[in-house]
Every structure is written in C-alpha cells, then in structure tokens.
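got a sequence here, can you build the structure:
(2 chains)
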There are 2 protein chains.
Amino acid sequence: MPGGTTRAWRTVLERIESDLLEGRLGPGDRLPGERDLATQMGVGRSSVREAIRVLESMGLLRTASGSGPNAGAIITATPEGGMATLMRLQVAAKGFPFDEIVDTRVLLESAVVHRLATADEPDLGPAESTLQAMRDAALTPEEFLALDAQFHVWLAEASGNGVVASVMSGLRTAIESYARAGAALVDDWPAMVENLQGEHESILDAIRAGDPDLARTRVRDHIVGFYAATHAAHPNH
Amino acid sequence: MPGGTTRAWRTVLERIESDLLEGRLGPGDRLPGERDLATQMGVGRSSVREAIRVLESMGLLRTASGSGPNAGAIITATPEGGMATLMRLQVAAKGFPFDEIVDTRVLLESAVVHRLATADEPDLGPAESTLQAMRDAALTPEEFLALDAQFHVWLAEASGNGVVASVMSGLRTAIESYARAGAALVDDWPAMVENLQGEHESILDAIRAGDPDLARTRVRDHIVGFYAATHAAHPNH
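You can find the predicted model right below:
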C-alpha cells in the first residue's frame, strides 16, 4: 500500500498529539505497546514505530532501553533535547546560518539579563555555583564549555521562562561543535578562561547592581567576543 | 536483534548529519533510496525509514509524494515546519506553558521591531502588502489570522535574522489552535479585526518614525492584548 504506508505515521502522530491536547495522555503516562497501538489505529507496526521515533527525537517520549517492542514508551516533555537536535540539523543543512544563531543568542540573552537586572530578587544561586565549579583549573576545555553553557541556561531559567531557556540551550548546542573546535585553536586557553570568567562575573555584577543596560551590553560583548575569538573554526565565513 | 534495531535509526541520523556537516550532502541533493541506504549503512530498511521520518518531521527532507520506497528523499532546510511541529507537540505535552510561549513571542518581536526602527531602510514592503490583503472584509477569522501570522513573520524576516523568524513562526503556530478557538469566542469579531488592524498600522508607523521604544511598547501591547482578549480559550489558566 504505497500512499497508505507513507502517511500512516502522520496519522499516529496526530492521534497522539490530540490525546495529549485533550488530556487523555500526559507526562509520565505510558503509551500502549507497538502492537496494541497498531491495532487501535488500524495501521502497520512500522508506521507506529516511525511516529514513535519522531516523538522521541522531539523530546516527547522516553523509551526504556532494553525493553522489548511491547513495552510502551513513556510520555515526557523535555524540549531542550528536541530543540537542540532540530537546530543542530538545521545548522548542518545550512538552514540556520551560524551568524544568525549567534545573533539570536545575543537577542535572547540580552533580554534575559535585562529582566534579571530589573527583577526584585532573582535567584542567581545556581548560576553562581556553576561559576564556582568553573574555577577548577583541572577542567578540560570541553568540561569548561559545558559548564559555561550551563551558566547561561541557569540565567535563562532564573528569568522565569522555560521556553526561552530551551530555545537558548538549543541554539548553543547547535553550534557547540564549533565552540569546541574554536577552543582547540586558541593559543592561550588559560588566558581565555580567565577572560571568560571575568566576563561572567561582570555580567552577574551588573545584574546584582540592578543595571539592565550594563547587563545587556556585557552579555552581548561576551557572546560576540567569544565567537570572534574562535572565528577560524566557523563555517559560512 | 533487540538493542541493535532500537538504536540503528540513530546511527543513520548521525551519518546523514555528518554528511551534511562535511558538505557531502546539501540542500537539493537526493538521498539514495531506502534499500541502498540500508545496505550502505549495514542496518535494516525499517531503521532507515525511521531516521527518514525524523528528518522529514524536523524539516530536513522532502519526500516526493507517490514515489516508491526506492526514490530517495530530497534534502531541504525548512526550519519553520520542524520548529512548529516541535513547539506544538511540547505545548500539547505541557512542556511549554502557554504563557511562556506568549512571553517569548513578546521578547523576540520587541527585539525585531526595535531593530527595524533603528535600521536605515528596512524593507517593510511584504508586511505592508499583507496588511493590505487583511483589509478584505470577506476574510474568515482563520484566513485573517493566517495573514496576521504572516505579517509578524515578515517583520522578523525584514530584521534580517531567519532563525528569529522561524522560532517566532514556530511559537505562533504552536498556539494557533488556541488563537482560532479564542477568535470563535469573541463577541464582535469585526470590531476585533478593526482593533488589530489599527495596532498593526501603529506598529509600522512607529518603525517608520524611527522610534524603537514606541515600536516595542506597541508590539508588546498588541500581542499581550490579543491573548488577553481571547483568554477563555487558553489552557493552563
């Protein structure tokens, strides 16, 4: 059945989406197994499996590893993973130019620190702890960059908008491999770390001082500066 | 082969991603057919098909409708579709609260109009034509809302950042069904249209006048006002 099989996976996806929307399914619930879903929806098992892969890669399902095809996957809602996969693939396929990813980060993070600097008592604790952990001189560049990414995500979380936090985290992950490649090209990595740490501290200082414009300027300079310093590793230049 | 088949689709996905990254594959290229890909990668055809569905739903592939399983899909990079699917599913699964989607739109669109208002000669042509088309009194609410969405995407495009435009368009689509349901609950739809149109005009006026702060305020009031007016249709309230 040519036309039939090709689009049957979309039918499964739409059915699960409407079950989610109407509350018949929610986070933590387990989907029926492949065979049962196929019977219920009148489609082939391969179509069910295709829809499940799509949901899994979009961060909507967690499949228990090692479980057989009859154990249903668990509904979850972890947007960061799906967002990161999508953006990484779009960067790879040249749908998202590198410069525009950086520019979008600047735009979102400027708004985040602006909000934090005007907030009453922003919860900077997790960001501060991350910065503390980044002082460990034994960190590899990869470990340092992972904590660095986390620092920025904590700021976004502290601003109270999880959608912004996951878009930001997706954007960052999409260009992570360039950041790592760029770090490898930096002559004096310890000096770079020193710089970056100083910038992180100064962003927090501006937030604590309640100076939204200074916080914006500092976060912009920090992001643009980092990618400029690791410029050689970028595509589309 | 339990563990084997489960993750084989990820192998296919990673291989295609690295082919894209290293330029062996690019937009417009045709993937080999399912059977050939399966042989090349040493995995089953069903795993190839699962990876292809994931790529398709993320906006990376276009499969010719009606073509058999041996005709390869064409590489494309159309982030809007993938972004919209992901965000819509995350809203459905309660990963993205409605309020935070609206808030993220406000944040991005404020930045967009701020940029346009400070730009030298922003290209407002497409946004103006869309506004013109929206004056047709015969439009259904659905048609009006689709043009309305397009108006906002044109502004984002005019600001020169396609990533922002697709994130914005994804956010909007994610909550489109609520906007439509909300429109149906509005007592006096023609009055609402009149209002919305006036707001659109006034946003363009502020951009043309080169007043970034006014443009920001107007776009924020416009977005927040619309969702407040159609409040009853929202989830998580």
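
contacting residues around A:P79?
Residues touching A:P79, when contacts are defined by Cβ atoms under 8 Å, 6 or more residues apart in numbering or on different chains, comprise A:59, A:162-163, A:166, B:86, B:90, B:95-96. Where you see a C-beta, it was placed from the backbone N, CA and C, and this is true even at glycine.

distance-wise, check it relative to A:V163.
8 Å (Cβ to Cβ, to the nearest Å).

need the residues touching each of the two.
Both A:P79 and A:V163 are in contact with B:F96, where contact means Cβ under 8 Å, 6+ apart.

what packs against the helix or strand A:L155 falls within?
A:L155 is part of helix A:141-158 when elements are defined by DSSP states H and E. Helix A:141-158 is packed against helix A:98-118, helix A:125-133, helix A:162-174, helix A:176-185, helix A:189-208, with contacts defined by 3 or more Cβ pairs under 8 Å, 6 or more residues apart in numbering or on different chains; DSSP states H and E.

got the angle between the fourth one and helix A:141-158?
Spelled out, it's helix A:176-185. Here helix A:176-185 points in a direction 130 degrees away from that of helix A:141-158 (axes from the mean of the first three to the mean of the last three Cα atoms, to 10 degrees).

in helix A:176-185, what counts as buried?
A:176, A:178-179, A:182-183 (16 or more other Cβ atoms under 10 Å in any protein chain shown).

return the closest of those residues with respect to chain B.
Chain B has its nearest neighbour among the buried residues of helix A:176-185 in A:Y178, at 10.2 Å by Cβ to the nearest Cβ.

re the thing from before, avg pLDDT for the helix holding A:L155?
For helix A:141-158, the mean per-residue pLDDT is 93.

contacts only, for the closest residue to A:L214 other than its chain neighbours.
Across the structure, with Cβ to Cβ, 6 or more residues apart in numbering or on different chains as the measure, the residue nearest A:L214 apart from its sequence neighbours is A:A206 (4.2 Å). Residues in contact with A:A206 (Cβ under 8 Å, 6+ apart) are A:113, A:117, A:214-215, A:218.

quick one: low-confidence parts of chain A?
Confidence mapping of chain A against pLDDT under 70 gives the ranges A:1-6, A:64-70, A:231-237.

show me it divided up by domain.
In terms of domains, chain A is parsed into A:8-75, A:82-229 (source: automatic domain parsing).

including distance to B:L155, could the ones you listed go into JSON lines?
Written out in JSON lines, the entries for those read as follows (distance: least, Cβ to Cβ, whole Å):
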{"stretch": "domain A:8-75", "distance to B:L155": "27"}
{"stretch": "domain A:82-229", "distance to B:L155": "14"}
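
out of these, which is closest to B:T11?
For those, proximity to B:T11 was assessed by Cβ to Cβ; domain A:8-75 is nearest, at 12.6 Å.

so the residue nearest to A:P190 when sequence neighbours are not counted, which state does it fall into?
Ranked by Cβ to Cβ, 6+ apart and with sequence neighbours excluded, the top spatial neighbour of A:P190 is A:A137, at 7.7 Å. Secondary structure assignment for A:A137 (DSSP: H, G, I helix; E, B strand; the rest coil): coil.

and A:A137, how many neighbours?
Taking other Cβ atoms under 10 Å in any protein chain shown as the neighbour definition, A:A137 ends up with a count of 7.

can you list phi and psi of it for me?
Note on A:A137: backbone dihedrals following degrees, to the nearest 10 are phi -70, psi -10.

thought A:L31 was touching A:T76?
No: at 11.0 Å, A:L31 and A:T76 do not qualify as touching, with contact defined as Cβ atoms under 8 Å.

which of those two has more neighbours?
Neighbour tally, A:L31 and A:T76, criterion other Cβ under 10 Å: the higher count belongs to A:L31, 20 against 17.

ok, so what distance separates that one from A:A8?
For A:L31, the distance to A:A8 (Cβ to Cβ) stands at 16 Å.

now A:V54
The spacing between A:V54 and A:A8, counted by Cβ to Cβ, is 12 Å.

what do you get for A:G72?
Here the distance between A:G72 and A:A8 works out to 19 Å (Cβ to Cβ).

quick one: closest of the helices and strands packed on helix A:141-158 to B:G170.
For the helices and strands packed on helix A:141-158, proximity to B:G170 was assessed by Cβ to Cβ; helix A:162-174 is nearest, at 9.2 Å.

close to chain B, is that closest one?
Yes: under the criterion of Cβ under 8 Å from any Cβ of the partner chain, helix A:162-174 makes contact with chain B via A:162-164, A:166-167, A:171.

just send the residues you listed back as JSON lines, with neighbour count and distance to B:E121 too.
Below are those laid out as JSON lines (neighbours: other Cβ atoms under 10 Å in any protein chain shown; distance: Cβ to Cβ, whole Å):
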{"residue": "A:G162", "neighbour count": "18", "distance to B:E121": "37"}
{"residue": "A:V163", "neighbour count": "28", "distance to B:E121": "33"}
{"residue": "A:V164", "neighbour count": "24", "distance to B:E121": "31"}
{"residue": "A:S166", "neighbour count": "28", "distance to B:E121": "35"}
{"residue": "A:V167", "neighbour count": "29", "distance to B:E121": "29"}
{"residue": "A:L171", "neighbour count": "27", "distance to B:E121": "29"}
